[in-house]
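[1] output the structure for:
(4 chains, ligands or ions: 6)
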Amino acid sequence: MPGQFLATVEKNESLGPAICRLTILAPEIAAAGQPGQFVMLRSGRGLDPLLSRPFSLHQTFPHGRIQVLFKVLGEGTRKLAALGAGEPLGIVGPLGRGFDLAAPRAGARLGLIGGGMGVAPLFFLAREIQRRLPEFGLDVLLGARAKQELEQLLIDFGPLKIEPRVATDDGSLGHHGLVPELIEKEWGKDGKLRQVFCCGPWPMMAAVAQRCRERDWSCQVSLETMMACGFSACLGCAVAGSGQRERYFHVCKDGPVFNAADISWE
Amino acid sequence: MPGQFLATVEKNESLGPAICRLTILAPEIAAAGQPGQFVMLRSGRGLDPLLSRPFSLHQTFPHGRIQVLFKVLGEGTRKLAALGAGEPLGIVGPLGRGFDLAAPRAGARLGLIGGGMGVAPLFFLAREIQRRLPEFGLDVLLGARAKQELEQLLIDFGPLKIEPRVATDDGSLGHHGLVPELIEKEWGKDGKLRQVFCCGPWPMMAAVAQRCRERDWSCQVSLETMMACGFSACLGCAVAGSGQRERYFHVCKDGPVFNAADISWE
Amino acid sequence: MTVETDVDLQVEIAGCTFRNPVMTASGTFGYGREFEDFVNVSRLGAVVVKGVSLLPRAGNPPPRVVETPCGMLNAIGLENVGVEAFLHEKLPWLVELGATVVVNILGNTVDEYAQLARRLDGIEGVTALEVNISCPNVKEGGVAFGTDPLMASAVTAAVRRASKLPLIIKLSPNVTDIQLMARSVAESGADAVSLINTLLGMAIDLAGRRPRLANVVGGLSGPAIKPVALRMVWQAAQAVKIPVIGIGGIMTAEDALEFIVAGAHAVQVGTANFVNPGATEEIVEGIAAYLAKQGLKSINQLRNTLIT
Amino acid sequence: MTVETDVDLQVEIAGCTFRNPVMTASGTFGYGREFEDFVNVSRLGAVVVKGVSLLPRAGNPPPRVVETPCGMLNAIGLENVGVEAFLHEKLPWLVELGATVVVNILGNTVDEYAQLARRLDGIEGVTALEVNISCPNVKEGGVAFGTDPLMASAVTAAVRRASKLPLIIKLSPNVTDIQLMARSVAESGADAVSLINTLLGMAIDLAGRRPRLANVVGGLSGPAIKPVALRMVWQAAQAVKIPVIGIGGIMTAEDALEFIVAGAHAVQVGTANFVNPGATEEIVEGIAAYLAKQGLKSINQLRNTLIT
Ligand SMILES: Cc1cc2nc3c(=O)[nH]c(=O)nc-3n(C[C@H](O)[C@H](O)[C@H](O)COP(=O)(O)OP(=O)(O)OC[C@H]3O[C@@H](n4cnc5c(N)ncnc54)[C@H](O)[C@@H]3O)c2cc1C
Ligand SMILES: Cc1cc2nc3c(=O)[nH]c(=O)nc-3n(C[C@H](O)[C@H](O)[C@H](O)COP(=O)(O)OP(=O)(O)OC[C@H]3O[C@@H](n4cnc5c(N)ncnc54)[C@H](O)[C@@H]3O)c2cc1C
Ligand SMILES: Cc1cc2nc3c(=O)[nH]c(=O)nc-3n(C[C@H](O)[C@H](O)[C@H](O)COP(=O)(O)O)c2cc1C
Ligand SMILES: Cc1cc2nc3c(=O)[nH]c(=O)nc-3n(C[C@H](O)[C@H](O)[C@H](O)COP(=O)(O)O)c2cc1C
Ligand code: FES
Ligand code: FES
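    Ligands and ions are numbered 1, 2, ... in the order given. Below is the predicted model:
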């Protein structure tokens, strides 16, 4: 039940190179939001840029706060990055279907894999897994271009007693390479059944999905597409399903989280 | 010789109801600017609003500062009002032909008349008249909707030892009525020859021009039109001249200051 | 928020009375239910639903939308559930909530349009038909019906014969002479025209040297097109006696009122729904407030009052 | 800022070599001298001057311009000094500074266009003619030449006969089929086409219930129209073999490069000059920098490389 709000910025922090963490007072979204769901955000007045932008819920807090973690890419995120505490912003959410935490296969270890800004929803997901599925083991793999992009997140994971394994493109932290390679490196030998939750750039998710398929692990992926609305009005966020040709899902409604097997990865 | 600059905001003060005073570091404009000239200002990124906005020079200072005084009306001025110290803004200027201070008629008293935001260029004009034409007597008439709109300006005039006569629409300060009425009220009886410099809304300037014509006083007016460029490239800022039909001046180049007699006031 | 009740917002179009002049633009409001949490659909002039075809359509491959300066391009490809699923799964909810429903229809042959009109004729809860003629005519090499006065007339006449429902023809702006198009469909039996549909546009991803839409070209909508829309609505209102419904870049009550001053009986709100899902109801409120402030009793006093 | 000299920006259009593909759009750069303090005109591909007519024109009454979302409307009314004053008072300065000059001409009859072309033929310092056919044909009830393929052909053929100068026909976007228009003028002797001119639009002052332009309608320009311009340039480039010059909403080097990828030989920068008077030269620099970064030797390697 998404509501439409004008919310207030409570805090806007700059974390590393062009990465912002926005804390927003939005009680209904904080109360209802699930890991993997997203909000549509729009800063300020003026008609350019016109459309709202989708962002995963990075965290929800008691007392009605939510957080998003985002990278400054274009004009939309630049305007969001410029927001100060106390300023209003347009928000719609929580939207979409988040990660499915119902009934993991008994004995499976749960594996979270994030790359680039795909790390954003994983902290919230890890917290919820610990709360709702305390009996399952949990591992986290994170990838980034460089060390700085991950530092804050690694600190955040501390209190959860999770130590993510890390890969960086430039080798400044952890494995020098791509995050899917960590699957072999870290999880390759233990032979354990895993259930994977993955969020990141398309090629990275395709590589993860492929490895999970080979191992017969279930894999949920959180997809990104261009979105004009976020609530299934525009039909713009189509993504091709596997199997039959000409079958499209709508990321904002059927997703953003899908079973990797349902998606056409070509 | 207008230059094109990216300038820096030094200070942005809110004076009264939706009135801002912006201090800008723009050395070339500060050095060259004359009373009655204007600058084109544009705040920030994004394409909406698209065009720069024209503003009279309110003051120039030593050390390369200029000031503009403006009212927040729409999106363009709202964005300017939101600028903070240190932020960049687009500026082109100084532009146009300012007030003509060459050779006033001997023995004439000089009279400045401003209404609404037309008061903006008059302080700079008064200062320059005192500097360049100290031998001429100088009177100032100001009109506004209410007292608050004038308070800061009256304080500013203090050091020049000028006490403007004031009219307000709501009677909260000075004469309860329109500023052209002050011509009769304040200057009506002394029979002195005057040379008038006027800036304000069109109907007010038309009324002032009419009174000057009747008294055979010379009258310079500073006009406003929609402007797309400010430097005679678009030909958008046309205003009809008196006399022949189909003769247009361009406010940004031939003005903004004109002899009232050259303009068609219908 | 309550609609001022001392002003009369009702408008008559094609023999129907609409609660107020604010409708949703087809394809931007789904089948209504998508806005369940944002808008009370019974408070709108009408819900014009996403265009329906005889059979379901999957639509175009992605990417389907891209933002442009003060606007957006879309190439959804007319994805829809098809007329049968619409009638069984979508319409009942709208009827139950008390919405006034206008069904937007589309086809690739004159006959498809006629079949749809026949199918919808006499269905309870369907107040009027809006015919999207910006579709390619597969029998004429894919030229859009709406860009040729003869093809537009043919569709209009066929739909007219197939159904007694009030008939709104939705015009394409991608034409040289919008007045000619409006007159052609008026003479062929349209009860009203609505305009504009999207302007044909394109965007390029420089880095990839590819079109940003899989379909290469798409339809431009949003505030960017408002000046073109306003001009065409004004021209159309001068050209025909039937009511004109104004569409294009309407974001606020002021925008809507400008179209009404230009001669529109009603307006449709499109892209604004994506930016502000509550836009339509806010525009109804805003129009009522404006009329009250101006001391006008009825929206009809404002229509076609442009002083030129 | 210096133009990278290791990349080749030269383009050939209509038998002329232009220094680079960045031109000014007519009516947005005056006669060049207005930008004396902002731009080195000899660094531009060409200065296309404000449209000139046989006799001086006073233009339309004000208001003549109004801002719209990401764009502006203008109804300047083709104010200009007339061809004689242009030749005597404006051209010499441009020639002296080493600018490549393209003269934009306009008329209200086929004969006026022909007379202008004859007068400019053989004048030193005039590199090419650009013919603005978006003017009303007074002999045909004021319909714009550029909205009818036959009238557009007639103007093209007449100008062709009257002058040996390279001939660029500037197309109007207010047409159903831009490819038909491009082919018509190509077959009638055009050496190149430039497009788009402004889209016909309108704005209304709600409070006054008046059009915001004294002329009621005006021409829409700026970023808002870029998607339409890009689409039409791409379509035109596919329809004709002669070079296409892309115009419409170009603000940055990226915008310009998109038009070149879509098939344009060169571009013209219009409204951007008002917002940023140094835009044209910055775009030249930006294009050079882009080519260098991409490891491309010549701008010609980028033209028409869109992957569809
Ligand atoms: C469900 C979902 C969740 C997301 N969560 C996050 C997150 O938590 N943190 C984060 O940093 N980013 C997230 N994104 C991506 C984020 O929406 C884009 O980075 C943002 O929209 C860019 O806007 P911009 O104006 O700065 O860039 P633009 O200048 O508009 O574009 C830059 C690039 O961003 C992409 N983009 C632009 N608009 C959209 C859009 N509406 N939808 C999808 N992609 C777009 C395009 O590929 C474009 O090339 C998410 C996207 C989706 C769909
Ligand atoms: C030479 C000159 C000097 C000026 N000096 C001052 C000054 O010192 N202080 C001040 O407060 N104002 C001044 N103005 C007026 C100022 O330019 C407008 O108030 C401003 O452009 C409004 O912009 P906006 O985006 O806030 O309003 P908008 O939403 O764009 O429009 C609000 C109203 O402002 C007027 N306006 C908008 N754009 C322009 C434009 N480009 N040119 C002229 N009028 C416009 C229109 O009548 C419009 O109805 C001056 C205008 C000119 C021409
Ligand atoms: C995503 C999207 C989908 C659309 N689908 C349809 C459609 O199915 N049928 C139709 O007649 N118009 C369709 N339109 C056009 C709109 O109804 C409207 O005419 C156009 O968007 C202009 O209005 P706007 O600027 O307010 O959006 C669509 C527009 C958009 C943006
Ligand atoms: C104020 C103004 C005046 C113009 N005058 C002319 C003209 O005299 N002749 C002409 O062919 N085009 C004229 N144009 C059209 C431009 O040359 C150009 O085709 C159009 O503005 C689109 O480009 P832009 O979006 O970059 O401005 C004019 C445009 C503007 C904004
Ligand atoms: S984003 Fe609009 S339908 Fe999904
Ligand atoms: S504002 Fe452009 S010519 Fe005067």
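[2] now residue A:34: closest residue in space, sequence neighbours ignored.
    Nearest residue to residue A:34 in three dimensions, chain neighbours excluded: residue A:98, at 3.9 Å (C-beta to C-beta, 6 or more residues apart in numbering or on different chains). Using the backbone N, CA and C atoms, a C-beta is placed for each residue, glycine as well.
[3] what number of residues lie near residue A:133?
    Using other C-beta atoms under 10 Å in any protein chain shown, residue A:133 is surrounded by 15 other residues.
[4] pLDDT score assigned to it?
    Per-residue confidence (pLDDT) for residue A:133: 91.
[5] which residues does it contact?
    A:101, A:104, A:110 (C-beta atoms under 8 Å, 6 or more residues apart in numbering or on different chains).
[6] show me those that map onto strands.
    Residues of the contacts of residue A:133 located in strands (DSSP state E): residue A:110.
[7] from the contacts of residue A:133, list just the buried residues.
    Neighbour counting by 16 or more other C-beta atoms under 10 Å in any protein chain shown classes A:101, A:104, A:110 among those as buried.
[8] out of those, the closest to residue B:265 would be?
    Among those, residue A:101 lies closest to residue B:265 (C-beta to C-beta), at 75.7 Å.
[9] now the helices for chain A?
    Secondary structure of chain A, counting by DSSP state H: helices at A:27-32, A:75-81, A:122-132, A:148-157, A:181-187, A:202-215, A:251-254.
[10] which residues sit against the first one?
    Going back to what we said before, that points to helix A:27-32. Residues outside helix A:27-32 that contact it (C-beta under 8 Å, 6+ apart): A:1, A:3, A:5, A:7, A:39, A:57, A:60-66, A:91, A:93-94.
[11] identify, out of the helices of chain A, the most deeply packed stretch.
    Mean neighbours per residue, mean count of other C-beta atoms under 10 Å in any protein chain shown, is largest over those for helix A:251-254, with a mean of 22.
[12] name the helices or strands packed onto that helix?
    Helices and strands touching helix A:251-254, as assessed by 3 or more C-beta pairs under 8 Å, 6 or more residues apart in numbering or on different chains; DSSP states H and E, are absent.
[13] ok, it near ligand 3 or not?
    No - applying C-beta under 6 Å from any ligand atom, one finds helix A:251-254 separated from ligand 3 by no less than 12.8 Å.
[14] how about that helix and ligand 5, touching?
    Yes - residues of helix A:251-254 are located near ligand 5 by C-beta under 6 Å from any ligand atom, namely residue A:252.
[15] over to stretch C:81-92?
    No - residues of stretch C:81-92 are not located near ligand 5 by C-beta under 6 Å from any ligand atom, the shortest gap being 14.0 Å.
[16] buried residues, that stretch. List them.
    Across stretch C:81-92, burial judged by 16+ other C-beta under 10 Å covers C:81, C:83, C:86-87, C:90-91.
[17] can you list contacts of that stretch?
    Stretch C:81-92 is contacted by residues C:31-33, C:49, C:52-57, C:80, C:101, C:103, C:105, C:116, C:119-120, C:123, C:125-126 when judged by C-beta under 8 Å, 6+ apart.
[18] same thing with stretch C:119-127?
    C:16, C:46, C:54, C:83, C:87, C:91-92, C:94-95, C:100-103, C:105, C:129, C:162-166.
[19] out of those residues, which sit inside strands?
    C:16, C:101-103, C:105, C:129.
[20] is stretch A:221-236 positioned near chain D?
    No - using C-beta under 8 Å from any C-beta of the partner chain, stretch A:221-236 never reaches chain D; the gap is at least 14.7 Å.
[21] any bit of that stretch sitting next to chain C?
    Yes - judged by C-beta under 8 Å from any C-beta, stretch A:221-236 comes into contact with chain C through A:225-229, A:231-236.
[22] just send those residues back as CSV, with neighbour count and pLDDT too.
    Shown next, in CSV, are the residues of stretch A:221-236 next to chain C (neighbours: other C-beta atoms under 10 Å in any protein chain shown; pLDDT from 0 to 100):
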residue, neighbour count, pLDDT
A:225, 20, 96
A:226, 20, 96
A:227, 24, 97
A:228, 29, 97
A:229, 27, 97
A:231, 24, 96
A:232, 19, 95
A:233, 24, 96
A:234, 29, 97
A:235, 27, 97
A:236, 29, 97
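[23] pretty sure residue C:134 is touching residue C:146, no?
    Yes - in this structure, residue C:134 is within contact of residue C:146 by C-beta atoms under 8 Å, at 4.6 Å.
[24] these two: who's more crowded?
    Set side by side, residue C:134 and residue C:146 show more neighbours around residue C:146, with 27 against 22, by other C-beta under 10 Å.
[25] checking the more buried one next. Helix, strand or coil?
    helix (DSSP: H, G, I helix; E, B strand; the rest coil).
[26] likewise the one 5 residues further on?
    Applying three-state DSSP to residue C:151 yields a three-state assignment of helix.
[27] tell me the pLDDT at the nearest residue to residue C:159 once chain neighbours are set aside?
    Leaving aside its chain neighbours, residue C:159 sits nearest to residue C:117 (4.3 Å; criterion: C-beta to C-beta, 6+ apart). Note for residue C:117: predicted pLDDT of 97.
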